[in-house]
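A.B. asks: The sequence isn't on hand, but the structure is:
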């Protein structure tokens, strides 16, 4: 290890010289910004991390080996193996740290990395839309932070997101902060300075909403899966089933089912509480000089996301069913360059589940006064939803009777099937009314507002100037009911936000008002003319 | 809302027919060949082959004519406007000022019919607007015109 640092040093210096020659762009080369390096403590953090991984992976391996042979033999295999893996990873990391250079010039952010396979990345500074900082507990011990610079090219076509982001893994905390400020500074002149300050502060009490989220049943399911997986590793895949069968024999099926479900949900609720607590502890939403929004949060992993307000195209207030029943909701941002496609990603969340008035206040602080008077949708939209509920009931009833006709079931299973069918039907009808009650749209001075959904009710406030096209859809069923779906396409967030099942004439006028002159040339003012097929 | 002005070039009909013929032949021909070779399983192979062929021929005769009537497009100085589908109708409008790229593509089949596809992308991830089945010179001219028009608008179209 002693001579290792000197060797890459030489190659790295050569490398640097070559790279400076390679910069052809005179504008970038002119100011001669010095190259900077990643922080060398990253190596220590990697070594410790790998040591931890090896202890975690090596202990079961050693136990398994020792049970077959003896402890000295097991250790003789496992210890050198672990040392080899740690050494290899650390050596690799040392080379990476030594050979990575970055600099911020007047126009670009550049990063060169690699010893044998050199990679050169360069982002135009004017395209940078977000700077994301994150530090895990180990990195925090050494005062390190990962910096992810995003340009947020969400448009379809070539170039995946990985090509459009640049990650510095990792630099010192103060350097990360300096980079964040420097990279997002350029809008400073244009922005309004009077609105700086704290927009929202998280309160520990908001954690009570965590168990109500959809994470709870999901994590409970994952726990069940994990039990089976672990049992399978030890070659006893059927063990959980046997244990359950024994319990049913001893205590009766209803007790086992009830207690088991309650225990699983409790487990899920605790896990959800822990996860959300970790993610949102000490959350703050600030507006910083230069027109950026900054979200800071995290108990173990400190996260910080800075977002240029120029790139924000609106907000979305999301009220998932469980959270909504408690009168709460979360605030998401609709911004260019923040992917919100994956469900469960909390990257675009500005304020987690909080009392609705707090969420709305934060939303107003971000985009200004909210439009509240939403126009309801025609009654036929409710009829359409009731038909879906009817179809669901028919299917549920069909399945339940089919099951009874095909198999002779014990009373318990039969009761469970009937119960499932009945509750599904009831939920379908309730959803029909509830999702109809959710429907609404409005057009304010700056924002188009659309609300929809029952299990996930979301109210989007989309910047009218951020609408880059319309997609209008009408199925045969909608046509018969005089309904139409208006989809506003945008470069931000998930790419399109819809006003579903609105009145077909009213919604076209609405679209025409919202984005002037776009739809107008294709409209016929007499609604009768359109219905001629 | 009035429908877009233009229908696609009449040559799209034979192009669609060839596509449908290929889509029919891919499952039907192997079934036919196997049915002729394997005597015991003949009814089980020739039956589906015949069914696929009948469905294929019917759609071959009816669908292209139907599609040609339903799909429409229009390019004005301010927007690109398309209408597709009948049972699920979709109108799409992209303003000229928000168009990012304009491409034309031409597959081998399209080339034999002298057709090409104009692909208009915006910054939205909702997908590109495709005008499939324009006469190739017309598509090239349109692409050129759209590129000129969009180049004239400043900004990054977001």
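C.D. replies: Cool, the structure landed. A quick note: this is a predicted structure, and the numbers were derived from the prediction, not measured.
A.B. asks: got any ranges where the chain has weak pLDDT?
C.D. replies: Looking at chain A here, since you left the chain open. Regions of chain A meeting the criterion pLDDT under 70 cover residues A:1-31, A:152-164, A:186-196, A:339-345, A:525-533.
A.B. asks: Switch to chain B, please.
C.D. replies: Using pLDDT under 70, the flagged stretches of chain B are B:154-158.
A.B. asks: domain ranges for it?
C.D. replies: Domain assignment for chain B by automatic domain parsing gives B:6-69, B:72-151.
A.B. asks: Residue A:396: which of these is closest?
C.D. replies: Of all those, domain B:72-151 sits nearest to residue A:396, with 26.3 Å by Cβ to Cβ. C-beta coordinates here come from the backbone N, C-alpha and C atoms, glycine included.
A.B. asks: For chain B, which segments count as strands?
C.D. replies: Secondary structure of chain B by DSSP state E: the strands cover B:6-7, B:72-75, B:79-84, B:88-95, B:99-105, B:115-122, B:129-135.
A.B. asks: For chain A, find the nearest of these.
C.D. replies: Nearest to chain A, of all the strands of chain B, is strand B:88-95, at 4.1 Å by Cβ to the nearest Cβ.
A.B. asks: tell me what the closest one is packed against?
C.D. replies: strand A:467-475, strand B:79-84 (3 or more Cβ pairs under 8 Å, 6 or more residues apart in numbering or on different chains; DSSP states H and E).
A.B. asks: what residues does that strand touch?
C.D. replies: A:468-476, A:479, A:489, A:515, A:518-519, A:522, B:1, B:78-84, B:120, B:122, B:129 (Cβ atoms under 8 Å, 6 or more residues apart in numbering or on different chains).
A.B. asks: ok and that strand relative to strand B:99-105, angle-wise?
C.D. replies: Here strand B:88-95 points in a direction 120 degrees away from that of strand B:99-105 (axes from the mean of the first three to the mean of the last three Cα atoms, to 10 degrees).
A.B. asks: Can you report how many residues neighbour residue A:516?
C.D. replies: A count of nearby residues for residue A:516, using other Cβ atoms under 10 Å in any protein chain shown, gives 9.
A.B. asks: swap that for residue A:408, sorry
C.D. replies: 7.
A.B. asks: before we move on, back to that, mean neighbour count and distance to residue A:313 for the helices and strands packed on strand B:88-95 - can I get that in JSON lines?
C.D. replies: JSON lines is the format used below for these (neighbours: other Cβ atoms under 10 Å in any protein chain shown; distance: least, Cβ to Cβ, whole Å):
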{"stretch": "strand A:467-475", "mean neighbour count": "22", "distance to residue A:313": "9"}
{"stretch": "strand B:79-84", "mean neighbour count": "22", "distance to residue A:313": "20"}
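A.B. asks: if we can go back for a sec, go through the domains of chain B and pick out the most buried.
C.D. replies: domain B:72-151 (a mean of 18; mean count of other Cβ atoms under 10 Å in any protein chain shown).
A.B. asks: give me the element residue A:121 is part of.
C.D. replies: Residue A:121 is part of strand A:119-124 when elements are defined by DSSP states H and E.
A.B. asks: List the buried residues for the host helix or strand of residue A:277?
C.D. replies: According to DSSP H and E, residue A:277 maps onto helix A:253-280. Along helix A:253-280, these residues count as buried under the neighbour rule (16 or more other Cβ atoms under 10 Å in any protein chain shown): A:256, A:264, A:267-269, A:271-273, A:276, A:279-280.
A.B. asks: rewinding a little: walk me through which strands the strand holding residue A:121 pairs with, and which way each runs.
C.D. replies: When pairing is defined by DSSP bridges, strand A:119-124 lines up against strand A:108-113 (antiparallel).
A.B. asks: Determine how far the last residue of stretch A:325-338 lies from the first.
C.D. replies: One end of stretch A:325-338 sits 28 Å from the other (Cα to Cα, to the nearest Å).
A.B. asks: and that stretch, how far from the chain's centre?
C.D. replies: Between the centre of stretch A:325-338 and the centre of its host chain there is 11 Å, according to Cα atoms, centre = their mean, to the nearest Å.
A.B. asks: so what's residue A:441 up against?
C.D. replies: A:374-375, A:377, A:448-451, A:499, A:502, A:507, A:510.
A.B. asks: which ones among these are found in helices?
C.D. replies: Among these, DSSP state H puts A:507, A:510 in helices.
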